[in-house]
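1. Please find the sequence and the predicted model below.
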Amino acid sequence: MASNTATMGNLPSGFGICSTIPDILYLPELVFGGLVWILVACTLVDPANPQGWVMFVSVFCFTMTFIWMCMFAFGVHRNSGGWAAADFAYHGIAAFFYLSASVALAKVTLDKKSGLLFNYRLDISAVVFSYVATLLYFIHTIFSAIRWKSF
């Protein structure tokens, strides 16, 4: 007789985060988020309000993703379903934050089109990397939701 129990989800720890979906996305999220942070910090922060939001999002997500990755690597989650839900929630919020920051950064970059060519190229690079980070966080959110539902 076949068993009707569903298999429980599994949260990786240690080096397991480097070989499982969605946890393998931690490193690209850190790389592209760090690039956004660096590129926006290198440009003239004008106007301050949208650029300040972009800096907040990039620094906040970089820091929280690093802490989150360390917590998963050290096995703090103890394979709990609550941590799977928290992983889904965090990455959903991060994806939403990065999307809002990317749109604001793109608008500011289009408005500064007549400025110095070097700064404009830095701004364009920041916009592209910001959208890549948004995509990575969104993909991580989808796979985290699938993993959460398997608990």
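-> Arrived safely. Numbers count the residues shown, from 1 in each chain.

2. Only C-alpha atoms from now on, for both contacts and neighbour counts.
-> OK.

3. in the longest helix along the chain, what counts as buried?
-> Longest helix in the chain by number of residues (criterion: DSSP state H): helix 117-149. Neighbour counts over helix 117-149 (16 or more other C-alpha atoms under 10 Å) mark 119-120, 122-124, 126-141, 143-145, 147-148 as buried.

4. Equivalent analysis for stretch 44-55, please.
-> Buried-residue list, stretch 44-55, by 16+ other C-alpha under 10 Å: 50-55.

5. Relative to the whole chain's centre, how far out is stretch 34-41?
-> With C-alpha atoms, centre = their mean, to the nearest Å as the basis, stretch 34-41 stands 14 Å off its chain's centre.

6. when you give positions from now on, start the count at 10
-> Happy to do that; since the first residue is 10 now, the last one works out to stretch 43-50.

7. Now do that stretch, average pLDDT.
-> Mean pLDDT, stretch 43-50: 92.

8. Report the separation between the closest residue to residue 30 other than its chain neighbours and residue 37.
-> Excluding its sequence neighbours, the residue lying closest to residue 30 (C-alpha to C-alpha, 6 or more residues apart in numbering) is residue 152, at 7.0 Å. Applying C-alpha to C-alpha, to the nearest Å, the value for residue 152 to residue 37 is 15 Å.

9. same deal with residue 155?
-> Taking C-alpha to C-alpha, one finds residue 155 at 20 Å from residue 37.

10. Quick check: which ranges of the chain have low pLDDT?
-> Filtered on pLDDT under 70, the chain yields the residue ranges 10-18, 54, 57, 123-127.
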